[in-house]
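Novice: Provided below are the primary sequence and the corresponding predicted coordinates.
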Amino acid sequence: MITKVKFLEIENEVISKIENALYQLFVNYPEDYVLFMACGEYDEIIANNKELGLSPYTISGHNLDSYYDITRQKFLCEFLNRYYNFRDNKELQNDDYRMNIEFLIYTHIWEAKPFLKKLYRLANLICGKEYDWKIQITNFKKYDFITKKIIDPFNNANCHLGQLITNTYNADLRNAIAHSDYQLYKNYAIYPLTNGIFISCIRFVSLTTLLKL
């Protein structure tokens, strides 16, 4: 269960930390801020088609990543508007149907390469590194990529987004959902830890908060 007050509190916290991170980049590295906001990307299709005579360094989101991610973002917005509008009640009760959908959303968020690329670029730019046009993210070792290449740089730059992502990203939960290795019981989600021995439980109120961040 989550109340409207708690939902708005989480929403405001997330928006505030994102805006602060962008402002930090804008103040310290204004040129990189413009490039980041313009969604600069190296386009392999253009690069491999020399006959076009175009530069593969693109902006304004005209690349495959933007098209890959558009339906996921549209679905997420529609889901939140449908289930978290709080029109009839001041609180949202738990139900297995919605929670299973939110599990799938959670895994998609941390598997979405366009989303991870944005976090990676922002973290590195805030640290003063050059804009990385060509980011390669494999389908393996996502935990290392998220913790070492996103969270650590944010923390090193004293950016609060690092702690926000730390509080949000749960590798054991993500793995359990991806492998359908969990169960919903009353007000808890139960799933195994990666060591294969211990079982962890998370209350729905905490889980719903986690999914909203």
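Specialist: Thanks, I have the structure now.
Novice: which parts of the strand or helix carrying residue 154 are buried?
Specialist: Mapping residue 154 onto the secondary structure by DSSP states H and E places it in helix 152-156. Neighbour counts over helix 152-156 (16 or more other Cβ atoms under 10 Å) mark 153-155 as buried. For every residue, glycine as well, the C-beta is placed using N, CA and C.
Novice: what do you get for stretch 26-37?
Specialist: So for stretch 26-37, counting by 16+ other Cβ under 10 Å, buried means 29, 32-33, 35-36.
Novice: mind putting the residues you listed in JSON lines, pLDDT, secondary structure and distance to residue 100 included?
Specialist: Listed next are those as JSON lines, based on pLDDT from 0 to 100; DSSP: H, G, I helix; E, B strand; the rest coil; distance: Cβ to Cβ, whole Å:
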{"residue": "29", "pLDDT": "96", "secondary structure": "coil", "distance to residue 100": "42"}
{"residue": "32", "pLDDT": "95", "secondary structure": "helix", "distance to residue 100": "40"}
{"residue": "33", "pLDDT": "96", "secondary structure": "helix", "distance to residue 100": "39"}
{"residue": "35", "pLDDT": "93", "secondary structure": "helix", "distance to residue 100": "39"}
{"residue": "36", "pLDDT": "94", "secondary structure": "helix", "distance to residue 100": "35"}
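Novice: Any figure for the gap between residue 162 and residue 53?
Specialist: Separation of residue 162 from residue 53 (Cβ to Cβ, to the nearest Å) stands at 42 Å.
Novice: Pick out whichever of these two has more residues nearby.
Specialist: The residue with more neighbours, out of residue 162 and residue 53, is residue 162; 22 against 7, by other Cβ atoms under 10 Å.
Novice: Just confirm that one contacts residue 154, I think it does.
Specialist: Yes - shown here, residue 162 and residue 154 form a contact pair, counting by Cβ atoms under 8 Å, at 3.1 Å.
Novice: Mutual contacts of those two, please.
Specialist: residue 123 (Cβ atoms under 8 Å, 6 or more residues apart in numbering).
Novice: What segments of this protein are strands?
Specialist: 2-3, 41-42, 57-58, 91-92, 183-185, 188-192, 199-203 (DSSP state E).
Novice: So which of those is nearest residue 48?
Specialist: Across those, residue 48 has its closest neighbour in strand 41-42 (11.4 Å, Cβ to Cβ).
Novice: Excluding chain neighbours, what is closest to the residue nearest the centre of the chain?
Specialist: By Cα atoms, centre = their mean, the chain has its centre lying nearest to residue 109, at 4.9 Å. Spatially, and ignoring its direct neighbours in sequence, residue 109 is nearest to residue 115 (6.5 Å; Cβ to Cβ, 6 or more residues apart in numbering).
Novice: Quick check: the one you found touching residue 105?
Specialist: No - if you go by Cβ under 8 Å, residue 115 and residue 105 don't touch, sitting 12.0 Å apart.
Novice: Thanks a lot, catch you later.
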